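Trainee: Sequence and predicted structure, then a few things I'm wondering about:
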Amino acid sequence: MPLLRDRIVDATTLVDVRAVVPRGIDGTRIGAGTTLGELEVDPQIPHALREACRLAASPQLRAMGTIGGNLLQSTRCWYWRLKYPCWLHGGDRCFARAGVHREHAVFANTPCASAHPSDPAAALLALDVTLRTDRRELPLADLYRLPTDDDREMTTLEPGELILELDVPAPEASTYLKAMDRRLFTFALVGVATARTSGGTRIALSGMAPIPWLLDGEEALDTATPLPQNAYKLEIARALIRRALAEVSA
Amino acid sequence: MARLIKTEKEVEGRYTEQWVVVDEDALEQWPAGARDTVGRPAPRQDGFQRARGEAQYTADIQLPGMLHAAILRSPFARAQIREIDLRMAEKAPGVRGVLGPGTGPLTDEPAYQGAPVAAVAADTDEQARAAMRLIEVEWEQLDPLLDPDEAVRRNELVEEPNHDERGDIERGLAEADVVVAAEYRTQSVLHNSMETHQSICQWEGDDHLTVYISTQFVWGVRERVAKHFGLPTDHVRVVCRFMGGGFGSKNGPGDYTFVGAELARRTGRPVKAALTRREENLDAGNRNATIQRLRIGARSDGTLTLLDGEFVNSTGWDGWLASTGGPMRMLYACENVRTVEYAAKLNTPPMLAFRAPGFVEGTFGLECLMDELAAELDLDPLELRRRNYAQHDAMDERPFSSKNLLECYRRAEPHWERREAVRRSSDGTWKRGVGLASQVWYGGGGPPSYAWVRVGADARATVVTAMQDIGTGSATAMAQIAAEELGLPIDHVEVSLGDTARGPYATISAGSSTIPSMGPAVRSAAADAARQIIEIAAQRHDREQRSLSLKGGRIVCSDGGSWPLEEITCLLESGQILGQGSRGPNPAGMRILTFGVQVAEVAVDVETGEVRVDKIAAIHDVGRVINPLGASSQVEGGIIQGLGHTLSEERLIDPATGTILTQTLDAYKLPTIADVPEIVTDLVDEPDTHLTNLGSKGLGEPPIVPTAAAIANAIRDATGANVRSLPISREEMLRALREASEREQVGASAT
């Protein structure tokens, strides 16, 4: 709705999809229409996802916002939201890189330094979730793509394709930690999700790259390319990853 | 008798000399301590109305036939309009009037983003905004000036620099055993009142105008609007019954009111001009950013020998030089003090007063510097402040009308003494500490201000005055004062306010002045009414006037007799007792200031830079407290606003274009209730015996003044890190921690 109000998205018709998108929790399956508020209190839900939901937005928004919608959030980059003719809007440069970028990406931040804002997406990425749309099944990691000059979309959904359901395998342990500018109701400067399964431990990050970011081990932080105002995010990430790994260690 | 005097008038720390006609303030102050009503907690009289949504704010007012204005604002920090085409907008659905550059404040040379350029009035707000988007503008973008130091170098200033010096800085340097120098920076923050700036203008004929407006000063709006349209001032009526926050940003009519009034004049319809939240974050004023380059020198015993500061305010395109150097000049006894303050004229939105303008910023710098000095001297920070206690105003050798800062320090001790225990409670990566900071600010109010008190046959009283209650609860305090003087229960007293056509002139609600300016006028009006009631009662019951007094809704005689007040007032039938009162003069030759100290307890996660404020104890000296309940709310509000200023709020500007990046409340981060610490309020409540018939000073601003420095000093206590820049974001906290650990390593390798 804010995107419509701000005229970033143009639409003449709004379609209510609530009748076709499942809502509710059934074992490991979560309807995409389930609200964050419902997820955060359900004991069947892995800890990382519950925490990511609890630490997102405000109680009012969590009572309305669905998990499917949350995965498709647009960046909070102020230049993009204020409709600067930036690369992501089809222009030829990223205003954040030369401007104010304290909240922006430290990974894959060229040609666009925007950061992905979703907390649950990082948790679901660590949990290695599978999505079912009205056309296919895909791992959550395949929902997102880094934009390129030819195609600046950040998701792989086709026009009209709807996320219907998520399959969330139960981990042995998982958690989500979030660093914010205030205690509540703001997007992550750094969000860290970890999930341990018999296959190993996965780390995923929020607020650190243009898309939810799967980190190939703690050392992979060294491959980041921070900008002058956001190297502090790596310091925070280092501490939170250490804590999140300790929390899920056997 | 009316007396003509020349007096110093102070608002927000700015003094002007002016003539005022005052009546003698003949009433003796009440003795110190709680009275029947004054000094006891009173819930605000309009609390239920506000909580139930029944209170009608300007934003709620709908007039028949009312149009809505939308203002086209410059998207650029500096530009020139080559061409503007209003025709499409004029033809758009619902549009009744369009204004272009050259009318009122509308300009074709905008010098900051958000400057008003053109305006549309239409039947609905949506139509007005849709039409506004149809205005075609050909812009020529110009390079903005954004760097305050560069502006000072180029002498691009909003007003002349303020050089102030006493003693001799060189002597102070020579006498110092220790000199500490540091640069502090504070950010630009926004008021973001819940009710955005707005007004509704309605003409009757072509020479009478009513303005409903969310304002801190109905009389000031009246005067400026009347002048703008060349109207006799009494032909302009200004109404503000309920108000949703201002914090200094609503002291004047604002561009939107002139635009709305002009559209109303041309269309013959009432016009509402209301800023959106985005406009509120662009062109509704701000607390300007500052750069403070400070030096402090002291003997080894802590005696200050030198205070020296250069203050560069990023004032913006317009505004005034807020007194960032004020605390340095006023807070401590120091013989050698030099302050130089600059108001840099930049292509950024104009500043406006924001709750203790200048002093909030300057206190952050000065009080952090004091603690850095205390660390150098290995002195207790509270003791350092006591050793430099100012016994009189050193700026012009005046005595203070009252000062109980030492008592504040004494009451701070139990909080301060928790330092060891709090530090010991540090745990893992969470380091804990305690810090304090002192506060000095104005808040004495002054004349002129008037009130009437009307008592009817039913023995109920109404205070009539055209002041405004800007959400602080000042109206309830006025009811308490009148109730006290009339010996009535508070629920027999009402207050009628917020309308220049229905009451006498009253003070601006800014500069912590409503209570100290209006309170004495209300008491004097109530006393006038009480005197008349006693005169009538004396005749009715054949008693000496001096044997009678009013108490508990009765007329009480010293011989033991008493009668319900209503027995006397009912004689009046439809008649009324009318009392008149005015604010007397301020004491001549004295400096009237408020003082205080806050003690903060914080926890810092040294790995992630997270700062949590656990507790703030606020001890303030503002003279007599009228309503302890309202006062503690004011303290809590000030501290919460100060907390946002300290930790999370910042207006961000793109460094290349000068455009504002934080236009919405997801990007501009106000504190949430989860961020609010435990707040302990302790008010000294000692009447200022020199000040008016009440001895009360204002409390609106003092609580926000020391909060940032107290938190920063607690962070230093917890971690050894010197934070020097607001807000204390994660990156600033981590920078300061890194710098502290490098300092430690250098220190270790040196020994």
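Mentor: Received, thanks.
Trainee: going forward, measure contacts between C-alpha atoms and count neighbours the same way
Mentor: OK.
Trainee: Quick check, A:Cys86 in contact with A:Cys77.
Mentor: No: taking C-alpha atoms under 8 Å as the definition, A:Cys86 is not a contact partner of A:Cys77, at 10.6 Å.
Trainee: More neighbours: these two, which one.
Mentor: A:Cys77 (25 against 17; other C-alpha atoms under 10 Å in any protein chain shown).
Trainee: Just confirm the more buried one contacts A:Ala105, I think it does.
Mentor: No: assessed by C-alpha under 8 Å, A:Cys77 is found out of contact with A:Ala105, at 9.8 Å.
Trainee: Spit out the residues that contact the two alike.
Mentor: The contact sets of A:Cys77 and A:Ala105 overlap at A:Ser114, A:Ala115 (C-alpha atoms under 8 Å, 6 or more residues apart in numbering or on different chains).
Trainee: and chain A, which of its residues are near chain B?
Mentor: Contact residues (C-alpha under 8 Å from any C-alpha of the partner chain) of chain A with chain B: A:78-79, A:82, A:99-100, A:179, A:181-186, A:230, A:232, A:235-236, A:239-240.
Trainee: now do 6 Å
Mentor: Counting by C-alpha under 6 Å from any C-alpha of the partner chain, chain A comes close to chain B at A:Trp78, A:Gly99, A:Asp181, A:Arg183, A:Tyr232, A:Ile236.
Trainee: Among these, give me the pair with the biggest separation.
Mentor: Greatest spatial distance in those: A:Gly99 and A:Arg183, 26.3 Å, computed using C-alpha to C-alpha.
Trainee: and stretch B:177-194, C-alpha only, in PDB?
Mentor: C-alpha atoms of stretch B:177-194 as PDB (Å, rounded to 0.1, in the frame of the first residue of the first chain):
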ATOM      1  CA  ASP B 177      47.100  22.600  35.200                       C
ATOM      2  CA  VAL B 178      45.000  20.600  32.700                       C
ATOM      3  CA  VAL B 179      43.400  21.700  29.400                       C
ATOM      4  CA  VAL B 180      41.000  19.400  27.600                       C
ATOM      5  CA  ALA B 181      39.900  20.200  24.000                       C
ATOM      6  CA  ALA B 182      37.200  18.300  22.100                       C
ATOM      7  CA  GLU B 183      34.900  18.600  19.100                       C
ATOM      8  CA  TYR B 184      31.300  17.700  19.600                       C
ATOM      9  CA  ARG B 185      28.600  17.400  17.000                       C
ATOM     10  CA  THR B 186      24.800  17.300  17.300                       C
ATOM     11  CA  GLN B 187      22.400  16.400  14.500                       C
ATOM     12  CA  SER B 188      19.400  18.000  13.100                       C
ATOM     13  CA  VAL B 189      16.200  16.700  14.700                       C
ATOM     14  CA  LEU B 190      12.600  17.300  13.900                       C
ATOM     15  CA  HIS B 191       9.700  18.100  16.100                       C
ATOM     16  CA  ASN B 192       7.200  15.700  14.400                       C
ATOM     17  CA  SER B 193       4.200  16.800  16.400                       C
ATOM     18  CA  MET B 194       1.400  14.300  16.300                       C
END
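Trainee: Could I get the phi/psi values of the residue in chain A positioned nearest to chain B?
Mentor: Using C-alpha to the nearest C-alpha, the single residue of chain A nearest to chain B is A:Ile236, 4.7 Å away. Note on A:Ile236: its backbone torsions stand at phi -60, psi -40 [degrees, to the nearest 10].
Trainee: Next, count neighbours for it.
Mentor: The tally of other residues near A:Ile236 (other C-alpha under 10 Å) stands at 24.
Trainee: which ones are touching it?
Mentor: Contact analysis of A:Ile236 by C-alpha atoms under 6 Å, 6 or more residues apart in numbering or on different chains lists B:Thr608.
Trainee: quick revisit: higher neighbour count, A:Gly99 and A:Arg183?
Mentor: Comparing A:Gly99 with A:Arg183 by other C-alpha under 10 Å, the one with more neighbours is A:Arg183, at 18 against 15.
Trainee: Can you name the residues that contact A:Leu146?
Mentor: A:Leu146 sits next to A:Met154 when contact means C-alpha under 6 Å, 6+ apart.
Trainee: helix, strand or coil for it?
Mentor: Secondary structure, DSSP: H, G, I helix; E, B strand; the rest coil: A:Leu146 is coil.
Trainee: State the distance from it to B:Leu307.
Mentor: 55 Å (C-alpha to C-alpha, to the nearest Å).
Trainee: now A:Pro22
Mentor: 68 Å.
Trainee: More neighbours: these two, which one.
Mentor: Higher neighbour count among A:Pro22 and B:Leu307: B:Leu307, with 27 against 16, using other C-alpha under 10 Å.
Trainee: and residue 82, how many neighbours?
Mentor: Here I'm looking at chain A. Count around A:Leu82 with other C-alpha under 10 Å applied: 17.
Trainee: Please refer instead to chain B.
Mentor: Neighbour count of B:Arg82, defined by other C-alpha under 10 Å: 11.
Trainee: distance of it from B:Pro110?
Mentor: Look at B:Arg82 and B:Pro110: by C-alpha to C-alpha, they are 12 Å apart.
Trainee: again, but for B:Trp441
Mentor: B:Trp441 sits 35 Å away from B:Pro110, taking C-alpha to C-alpha as the criterion.
Trainee: can you check B:Arg523 too?
Mentor: B:Arg523 is 48 Å from B:Pro110, where distance means C-alpha to C-alpha.
Trainee: neighbour count winner among these two?
Mentor: Taking other C-alpha under 10 Å, B:Arg523 and B:Pro110 do not tie; B:Arg523 has more neighbours (32 against 24).
Trainee: Can you name the residues that contact the closest residue to chain A within the stretch 201-350 of chain B?
Mentor: Closest to chain A within the stretch 201-350 of chain B is B:Arg278: 10.8 Å, counting by C-alpha to the nearest C-alpha. Residues near B:Arg278 by C-alpha under 6 Å, 6+ apart: B:Gln663, B:Thr664.
Trainee: ok, now how distant is it from B:Gln113?
Mentor: Taken as C-alpha to C-alpha, the span from B:Arg278 to B:Gln113 is 12 Å.
Trainee: With B:Leu157 instead?
Mentor: Counting by C-alpha to C-alpha, the gap from B:Leu157 to B:Gln113 is 19 Å.
Trainee: Wait, B:Arg591 touches B:Ser402, no?
Mentor: No: taking contacts as C-alpha atoms under 6 Å, B:Arg591 lies outside contact range of B:Ser402: 8.5 Å.
Trainee: Now do the helices in chain A.
Mentor: When assigned using DSSP state H, the helices of chain A occupy the ranges A:2-5, A:36-40, A:47-54, A:59-64, A:67-71, A:78-81, A:95-98, A:119-126, A:232-248.
Trainee: possible to save those helices as a markdown table with mean pLDDT?
Mentor: Below are those laid out as a markdown table (pLDDT from 0 to 100):
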| stretch | mean pLDDT |
| --- | --- |
| helix A:2-5 | 87 |
| helix A:36-40 | 98 |
| helix A:47-54 | 98 |
| helix A:59-64 | 97 |
| helix A:67-71 | 97 |
| helix A:78-81 | 98 |
| helix A:95-98 | 97 |
| helix A:119-126 | 98 |
| helix A:232-248 | 98 |
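Trainee: tell me the most buried of these?
Mentor: Highest mean neighbour count of those: helix A:119-126, a mean of 30 (counted as mean count of other C-alpha atoms under 10 Å in any protein chain shown).
Trainee: Which pLDDT value goes with B:Met1?
Mentor: At B:Met1, the model reports a pLDDT of 61.
Trainee: Tell me which residue is most central in the chain.
Mentor: All of this refers to chain A. Centre of chain A computed as the mean C-alpha position; nearest residue by C-alpha atoms, centre = their mean is A:Ser118, 3.1 Å away.
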